[in-house]
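A.B. asks: Provided below are the primary sequence and the corresponding predicted coordinates.
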Amino acid sequence: MVEWRTEAEIEKRGNATHALNRWVTLVVAAGSKRWRTGDKKKQVSVNKNNPPQQIPAWPRVTVVMLAYNRSAAVQESLHHLTTHLEYPSAQLDFLVVDNASTDGTAAMVKETFPQVRVLTNARNQGAPGWNTGFQQATGDFVLILDDDAYLTGTALQDAVQVAHMHNADLVSFTIHDPEGRSFNAHYNTGLLSFWGCAALVRREVLDALQGYDPQIFLWGNELEFTMRALDAGFCHLFLPDVVAIHLKPVPTHPTYDGRVHRLNTRHLAYIAAKLLQPAEAVSVLLRLGLRLGLTALRRPSAWPIFLDLVSGLRQGMRYRQPVRVSVSRCYARHFPEFINQLPYRLKHRRWTDFFATRTRFFPSSTASLRL
């Protein structure tokens with residue numbers, strides 16, 4: 001059976017106050033580089049029952065791994081990739097981008113894995129350090145890997161095959177820890193983002209988007225990248241049967257981390273101000289502020305994080321590049337960090353209810369999204 005996924009009609013814009021909407025429109029437009037209008041409905045076929053056909057010839061894949069001070073994890077990951085990954089060796093090449101490590105990672109790779117090219121960044125650039133490898137990649141596809149993540153067996157073949165069959169541009173996987181526990185169950189990115197430790201991307205997508213946003217050091221780069229990819233008309237395919245291993249345990253008892261909260265708040269505010277349309281930007285930024293205020297009432301140490309929210313807002317306005325209306329509304333209404341979370345906190349509704357009513361964006365089986 002072939003399931004067709006079409007762009008849903010998204011409800012009309014909620015009523016914001018006239019003064020507030022006029023203010024954000026003027027302020028955001030002043031920092032805008034361009035405005036995009038017009039939306040186009042597209043259809044994507046997802047064949048759930050028939051196995052994918054063998055592709056005529058295996059495309060070239062460049063594995064780009066970003067490393068920073070995790071020499072042992074890099075060695076273990078590369079060992080699995082170079083010895084247990086079933087993919088034609090003539091069509092596979094490896095790049096390790098060393099993000100200014102001080103533990104001898106680059107030297108270890110050169111000595112232990114001579115078939116792997118090593119590129120070195122002069123400083124730790126965070127996630128944008130991957131861009132150094134993207135620029136040097138020669139494959140039709142790029143397998144993005146963190147330094148403690150890998151694929152084995154036929155996982156890469158399966159991902160490339162299904163991507164070819166459905167003309168997918170970004171392919172995300174199920175991510176397991178060494179004990180087989182799912183990171184996706186811990187944090188469900190759905191089709192609106194992806195776990196950045198392992199993903200497959202067509203090189204033309206990386207060329208078109210120029211890789212990760214250099215303004216996002218860590219956490220949030222996958223969200224911003226996915227929003228721009230969907231805005232450009234690219235297709236995101238989720239393959240839950242393809243499993244990548246992440247060499248760290250899934251958190252079982254999450255604890256509050258002020259640094260993580262600070263970076264996440266700044267980057268979410270930056271993405272909202274940079275990419276969302278004015279009305280959605282206002283709504284999301286107000287929601288982020290309200291959520292932060294409620295957190296600060298319980299944790300007074302969180303009050304200074306408002307400075308990070310303002311910093312992200314100002315930086316996003318500086319690099320303003322709004323996505324299409326349908327993409328903006330989709331994220332403002334369906335991405336968990338952007339929605340109004342109070343009903344799920346105050347009325348004791350479960351997050352499972354949220355995902356159950358949004359299966360188009362958070363599927364449990366193979367599915368794709370093109371907006």
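C.D. replies: Looks like it arrived, so ask away. Numbering: from 1, shown residues only.

A.B. asks: contacting residues for the most centrally placed residue in the chain?
C.D. replies: The centre of the chain sits closest to residue 222, judged by C-alpha atoms, centre = their mean, with a distance of 2.2 Å. By C-beta atoms under 8 Å, 6 or more residues apart in numbering, the contact set of residue 222 is 189, 193-196, 199. (Each C-beta comes from the backbone N, C-alpha and C, glycine too.)

A.B. asks: just residue 315 next, same as before
C.D. replies: Contact partners of residue 315, counting by C-beta under 8 Å, 6+ apart, are 215, 270, 273-274.

A.B. asks: the strands in the stretch 51-200 of the chain, which residues?
C.D. replies: Under the criterion DSSP state E, counting those that start in this stretch, the stretch 51-200 of the chain carries strands at the ranges 61-67, 92-98, 116-120, 141-146, 149-150, 170-176, 198-202.

A.B. asks: would you list the ones you listed in JSON lines and tack on distance to residue 365?
C.D. replies: Conversion of the strands of the stretch 51-200 of the chain to JSON lines gives the following (distance: least, C-beta to C-beta, whole Å):
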{"stretch": "strand 61-67", "distance to residue 365": "25"}
{"stretch": "strand 92-98", "distance to residue 365": "28"}
{"stretch": "strand 116-120", "distance to residue 365": "35"}
{"stretch": "strand 141-146", "distance to residue 365": "23"}
{"stretch": "strand 149-150", "distance to residue 365": "23"}
{"stretch": "strand 170-176", "distance to residue 365": "11"}
{"stretch": "strand 198-202", "distance to residue 365": "18"}
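
A.B. asks: so can I have JSON lines of these showing mean pLDDT, mean neighbour count and distance to residue 316?
C.D. replies: Output for those, formatted as JSON lines (pLDDT from 0 to 100; neighbours: other C-beta atoms under 10 Å; distance: least, C-beta to C-beta, whole Å):
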{"stretch": "strand 61-67", "mean pLDDT": "98", "mean neighbour count": "26", "distance to residue 316": "24"}
{"stretch": "strand 92-98", "mean pLDDT": "98", "mean neighbour count": "23", "distance to residue 316": "26"}
{"stretch": "strand 116-120", "mean pLDDT": "98", "mean neighbour count": "17", "distance to residue 316": "30"}
{"stretch": "strand 141-146", "mean pLDDT": "98", "mean neighbour count": "27", "distance to residue 316": "24"}
{"stretch": "strand 149-150", "mean pLDDT": "98", "mean neighbour count": "26", "distance to residue 316": "29"}
{"stretch": "strand 170-176", "mean pLDDT": "98", "mean neighbour count": "23", "distance to residue 316": "23"}
{"stretch": "strand 198-202", "mean pLDDT": "98", "mean neighbour count": "25", "distance to residue 316": "24"}
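
A.B. asks: hang on, the earlier thing: quick one: which of the contacts of residue 222 is nearest residue 310?
C.D. replies: Distance to residue 310 across the contacts of residue 222 (C-beta to C-beta) is lowest for residue 193, with 23.9 Å.

A.B. asks: gap between that closest one and residue 272?
C.D. replies: 14 Å (C-beta to C-beta, to the nearest Å).

A.B. asks: same check, this time on residue 190
C.D. replies: Distance from residue 190 to residue 272, counting by C-beta to C-beta: 18 Å.

A.B. asks: Ok, residue 258 next?
C.D. replies: In terms of C-beta to C-beta, residue 258 sits 21 Å off from residue 272.

A.B. asks: Looking at the two, which one has more neighbours?
C.D. replies: Between residue 258 and residue 272, counted using other C-beta atoms under 10 Å, residue 272 has the larger neighbour count: 27 against 12.

A.B. asks: mind checking which of the strands of the stretch 51-200 of the chain is nearest residue 249?
C.D. replies: Nearest to residue 249, of all those, is strand 170-176, at 10.6 Å by C-beta to C-beta.

A.B. asks: Other residues contacting the closest one?
C.D. replies: Residues from elsewhere that reach strand 170-176 (C-beta under 8 Å, 6+ apart): 149, 151, 155, 159, 162-163, 182-184, 189, 191, 194-195, 197-202, 205, 226, 229, 234-246.

A.B. asks: again, 6 Å this time
C.D. replies: Residues from elsewhere that reach strand 170-176 (C-beta atoms under 6 Å, 6 or more residues apart in numbering): 159, 163, 182-184, 194-195, 198-201, 229, 236-240, 242-246.

A.B. asks: Only the buried subset of these, as a PyMOL command please.
C.D. replies: Remark: buried members of those, expressed as a PyMOL selection using 16 or more other C-beta atoms under 10 Å:
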select buried, resi 159+163+183+184+194+195+198+199+200+201+229+236+237+238+239+242+243+244+245+246
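
A.B. asks: how close does the closest residue to residue 247 other than its chain neighbours sit to residue 225?
C.D. replies: Counting by C-beta to C-beta, 6 or more residues apart in numbering, residue 148 is the residue found nearest to residue 247 once chain neighbours are left out, at 3.9 Å. Plainly put, residue 148 is 20 Å away from residue 225 if you go by C-beta to C-beta.

A.B. asks: Done for today, thanks.
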